[in-house]
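Chemist: below: sequence and its predicted model.
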Amino acid sequence: MGTIAIVGAGVMGETLLSGLIRSGHQPDQIVVAERREERATELSERYGVKVLGNEEAVAVANTVILVVKPQDMGPVLDGIRDAIPIGSLVVSLAAGITTSFLEDRLEAGHAVVRVMPNTPALVDEGMSAISPGSSCDEEHLVEAEKLMESVGRVVRVPEKQQDAVTAISGSGPAYIFHVIESMIEAGVHLGLPRATATELAIQTAYGSAAMIRETAEHPAVLREQVTSPAGVTAAALRQLENHGVRAAFLAALEAARDRSEYLGS
């Protein structure tokens, strides 16, 4: 794979750096682009990697990973385009930034991959969706998959589906946190100590997700197994249906997709 340059040493950039090292990459195979001296020292001491300026970092890399804010992508590309070796793989983790945006601002000859990650990558349970640019081949996609598998799972999608991916998995952790938060508050309202309600809600969500993965059953089947006729769960689910929770999720994800499309344009 050669040398990897990570441009952007924020939370997601450091998360990927940490995951790559844990997955077997040697510190001397990775360089990080960071201009803040204090942050550069912190990363160098913590991970044993070289920390350079943007141009210096990408100049020695075979793979460049861009982990910058979408609004910063244009200026960053303008600053590094002439320094990236021809033939390098460029992987972007910036939401809404299309492969055509990247290709228009880079020298010809670079393979580009667009990635939509999410924050559970912080605990190696991320979900990333990758899409190839016009010059990207199977080898490049496999390389991008290996990079992102260091912090979770990866799927390939056509780029036209990335806005839907953003709505489901990119923003998805916030929906799950919202549901868990609501369950905790309800538990407190019902008389449970907050610590108890928190543990009950978190483990229930964690266990339920694990159960879907391990059994490979459709969620509807597992839901029916918990729901006895005229029972406690049935009474609760009726209230969720009465309040339009299913319709609310559909509307929420459509709104997220539409906003992602707008920001990307």
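Modeler: Ah, there it is. Nothing here was measured: the structure is a model prediction, and the numbers come from that model.

Chemist: and the residue nearest the centre of the chain, what is it in contact with?
Modeler: For the chain, the residue whose C-alpha lies nearest the mean C-alpha position (Cα atoms, centre = their mean) is residue 117; its distance is 1.6 Å. Counting by Cβ atoms under 8 Å, 6 or more residues apart in numbering, residue 117 touches 12, 93, 126, 127, 128, 148, 151, 152, 170. Using the backbone N, CA and C atoms, a C-beta is placed for each residue, glycine as well.

Chemist: one more pass at 7 Å, please.
Modeler: Each residue near residue 117 by Cβ atoms under 7 Å, 6 or more residues apart in numbering is listed here: 12, 93, 126, 128, 148.

Chemist: any chance of TSV for the residues you listed, columns secondary structure, pLDDT and distance to residue 189?
Modeler: Compiled in TSV, the contacts of residue 117 are given as follows (DSSP: H, G, I helix; E, B strand; the rest coil; pLDDT from 0 to 100; distance: Cβ to Cβ, whole Å):
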residue	secondary structure	pLDDT	distance to residue 189
12	helix	92	36
93	coil	95	39
126	strand	96	33
128	strand	97	37
148	helix	96	40
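
Chemist: can you lay out those as a markdown table showing distance to residue 84 and neighbour count?
Modeler: Formatted as a markdown table, those follow (distance: Cβ to Cβ, whole Å; neighbours: other Cβ atoms under 10 Å):
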| residue | distance to residue 84 | neighbour count |
| --- | --- | --- |
| 12 | 21 | 22 |
| 93 | 16 | 24 |
| 126 | 26 | 24 |
| 128 | 22 | 23 |
| 148 | 20 | 27 |
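
Chemist: so which of those residues comes closest to residue 164?
Modeler: Ranked by distance to residue 164 (Cβ to Cβ), the contacts of residue 117 are led by residue 128 at 14.6 Å.

Chemist: the closest residue to the closest one other than its chain neighbours and residue 259, how far apart?
Modeler: Excluding its sequence neighbours, the residue lying closest to residue 128 (Cβ to Cβ, 6 or more residues apart in numbering) is residue 148, at 4.1 Å. Distance, residue 148 to residue 259, by Cβ to Cβ, to the nearest Å: 24 Å.

Chemist: can you check residue 112 too?
Modeler: In this view, residue 112 and residue 259 are 24 Å apart by Cβ to Cβ.

Chemist: for these two, indicate the residue with more neighbours.
Modeler: residue 112 (26 against 15; other Cβ atoms under 10 Å).

Chemist: burial of the closest residue to the more buried one other than its chain neighbours, as a residue count?
Modeler: When the adjacent residues along the chain are set aside, residue 112 lies closest to residue 133, with 3.4 Å between them (Cβ to Cβ, 6+ apart). Applying other Cβ under 10 Å, we find 21 other residues in the vicinity of residue 133.

Chemist: OK, contacts around residue 133?
Modeler: For residue 133, the set of contacting residues under the criterion of Cβ under 7 Å, 6+ apart consists of 99, 102, 103, 111, 112, 113.

Chemist: in contact with the second one, which residues?
Modeler: Just to be clear, that refers to residue 102. 90, 92, 112, 133.
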